[in-house]
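J.: Requesting a structural model of the entry that follows:
(4 chains)
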There are 2 protein chains.
Amino acid sequence: MGRNSGSRHDGTSLPVTRDVVKATAIRLFSERGYPVIGMRDLSEAVGILPGSLYAHIDSKEALLLDIVKSGVENFTEALTPIVAMDLPGSERLRMALRAHMEVLAVNLDQTRVTFHQWHYLTGERHDQMVGARQEYEDVFRSLLRDGSRDGSLHPRAERKVTALTIIGALGSATEWFTPTGSSSPQQLAEAIGDLVLSGLSAERD
Amino acid sequence: MGRNSGSRHDGTSLPVTRDVVKATAIRLFSERGYPVIGMRDLSEAVGILPGSLYAHIDSKEALLLDIVKSGVENFTEALTPIVAMDLPGSERLRMALRAHMEVLAVNLDQTRVTFHQWHYLTGERHDQMVGARQEYEDVFRSLLRDGSRDGSLHPRAERKVTALTIIGALGSATEWFTPTGSSSPQQLAEAIGDLVLSGLSAERD
DNA sequence: CCTACCGATCGGTAGG
DNA sequence: CCTACCGATCGGTAGG
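T.: Numbers count the residues shown, from 1 in each chain, chains lettered A, B, ... in the order given. Here you go, the predicted structure:
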């Protein structure tokens, strides 16, 4: 029970591929954190023996890097075309917030790992993701800069602080967003957009 | 070298007390994460042998709980009097943001552990902190409610989402705030306050 | 706070 | 993907 290839606890079975290992790792790392998940936890959830995992992956940390790298790609692929659009900065910012929440909602577990577990990478793998994270910050900084220039945004504080605050708010959404909640990702993006664009003090829309 | 009680790598020495163990743990847990810090890392940093730690603490997890509980207290002690003040919601919200950033700046490492490592607690210890976190969320929800009633705040979205977004932004500040940076905690709180209160789209102050 | 040690678990491998 | 196993490290303890 649980030892045969591809057998799952719901009784169905599927071939154990690299993608199955990765998807299972995403779920476990998201739920309990990368460092506390052992290769034995992962192999049991997948339905093979611990040593057999290494037919699919090189190492635990290489698996984490793979998850985090493709997790970042989900966001850059969604946001890059928006940034390049010929629209006011304020509109592109709103679209970027919506795109972020939609990607987050579709890949919630992977986004959690991407935003909150990447720093367990070491050495060169770590440096790689520091760069990727910086690029994502730059996306928002450039939207703020464009909006200031075209007159659609009026950030009162340093753009860097503003960008980090917005990204922080988005990153925290991985912790409280629930797919079964009453609000859709689009509605949540609208709410965050209202807060960031209009603030709380006036009733102007 | 490093084995004598209280000897530190800078050559000075101090008595090893429970507070020294706690302060050292705060630094290590903050820098590298609770699960990856072993008791041997901690004992070495403190300057005693691994088993000797248990003269000062009951267990690794009890140490984490102690850190996280007092970390939460730092915030509730600073915010409770502000919430009780007889002022418009908008002003109390601004004061709350400033108080949060000031506590965060003074106890940066402990705040990092408090906000980002508490979920490694298990069982009853875990449930305890879920409650404490909820109380902190309620502080901001009640400020938003009061502000709506007295007319000083006009949240466009659900108060819950707004509160979570604000708390998320504040929580993320632990990741990018640097004590040596160009902006003081007060300036950063002002910037976040401007963003939350006034938004980005208008030039009204 | 040290000495000496415990059983359990860790990521990973050789050879099939 | 399994069998059988490796050395290293884990949190923690008894007795001083």
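
J.: any weak-confidence spans in chain A?
T.: Within chain A, the ranges that satisfy pLDDT under 70 run A:1-14, A:202-205.

J.: That one against DNA strand C: which residues are in contact?
T.: Taking Cβ under 7 Å from any atom of the strand, the part of chain A that reaches DNA strand C is made up of A:Ile37, A:Gly38, A:Met39, A:Arg40, A:Asp41, A:Pro50, A:Gly51, A:Tyr54, A:Ser59, A:Lys60, A:Glu61. (C-beta placed from N, C-alpha, C; glycine too.)

J.: Narrow these to those in helices?
T.: Counted as lying in helices by DSSP state H, out of the residues of chain A next to DNA strand C, are A:Met39, A:Arg40, A:Asp41, A:Lys60, A:Glu61.

J.: And stretch A:16-30, how far out from the chain middle?
T.: In terms of Cα atoms, centre = their mean, to the nearest Å, the centre of stretch A:16-30 is found 16 Å from the chain centre.

J.: Any idea which residue is closest to the centre of chain A?
T.: Per Cα atoms, centre = their mean, the C-alpha nearest to the average position across chain A is that of A:Thr111, at 2.6 Å.

J.: ok, and the most crowded of the ones in helices among the residues of chain A next to DNA strand C?
T.: If you count neighbours using other Cβ atoms under 10 Å in any protein chain shown, the busiest of these is A:Lys60, which has 18 neighbours.

J.: ok, so of the ones in helices among the residues of chain A next to DNA strand C, who is nearest B:Val139?
T.: Set against B:Val139, the nearest of those by Cβ to Cβ is A:Asp41 (36.8 Å).

J.: Go ahead and confirm the closest one touches A:Ala25.
T.: No: A:Asp41 is beyond contact range of A:Ala25, at 9.6 Å (criterion: Cβ atoms under 8 Å).

J.: ok, back up a step: which of the residues of chain A next to DNA strand C lies closest to chain B?
T.: Closest approach to chain B among those (Cβ to the nearest Cβ): A:Ile37, at 9.7 Å.

J.: Tell me where chain A has strands.
T.: Read by DSSP state E, chain A holds no strands at all.

J.: residues near whichever residue of chain A sits closest to DNA strand C, how many?
T.: Nearest residue of chain A to DNA strand C, counting by Cβ to the nearest atom of the strand: A:Gly51, 2.4 Å away. When counting by other Cβ under 10 Å, one arrives at 9 neighbours for A:Gly51.

J.: Roughly how far does it sit from A:Arg27?
T.: Between A:Gly51 and A:Arg27 the distance is 21 Å, computed by Cβ to Cβ, to the nearest Å.

J.: For the biggest helix by length in chain A, buried residues please.
T.: Longest helix of chain A, by residue count under DSSP H: helix A:123-150. Residues of helix A:123-150 classed as buried: A:125, A:128-129, A:132-133, A:136, A:139-141, A:143-147 (neighbour count, 16 or more other Cβ atoms under 10 Å in any protein chain shown).

J.: And those, which is closest to A:Thr165?
T.: Here the nearest of those to A:Thr165, counting by Cβ to Cβ, is A:Phe140; it sits at 9.7 Å.

J.: Test my guess that that closest one contacts A:Arg92.
T.: No: using Cβ under 8 Å, A:Phe140 is not in contact with A:Arg92, being 10.3 Å away.

J.: What distance do you get for A:Ser43 to A:Val21?
T.: The spacing between A:Ser43 and A:Val21, counted by Cβ to Cβ, is 9 Å.

J.: Overlap of the contact sets of these two?
T.: Residues touching both A:Ser43 and A:Val21 by Cβ atoms under 8 Å, 6 or more residues apart in numbering or on different chains: A:Leu53.

J.: which one is A:Glu102 nearest to, not counting chain neighbours?
T.: Leaving aside its chain neighbours, A:Glu102 sits nearest to A:Pro185 (5.2 Å; criterion: Cβ to Cβ, 6 or more residues apart in numbering or on different chains).
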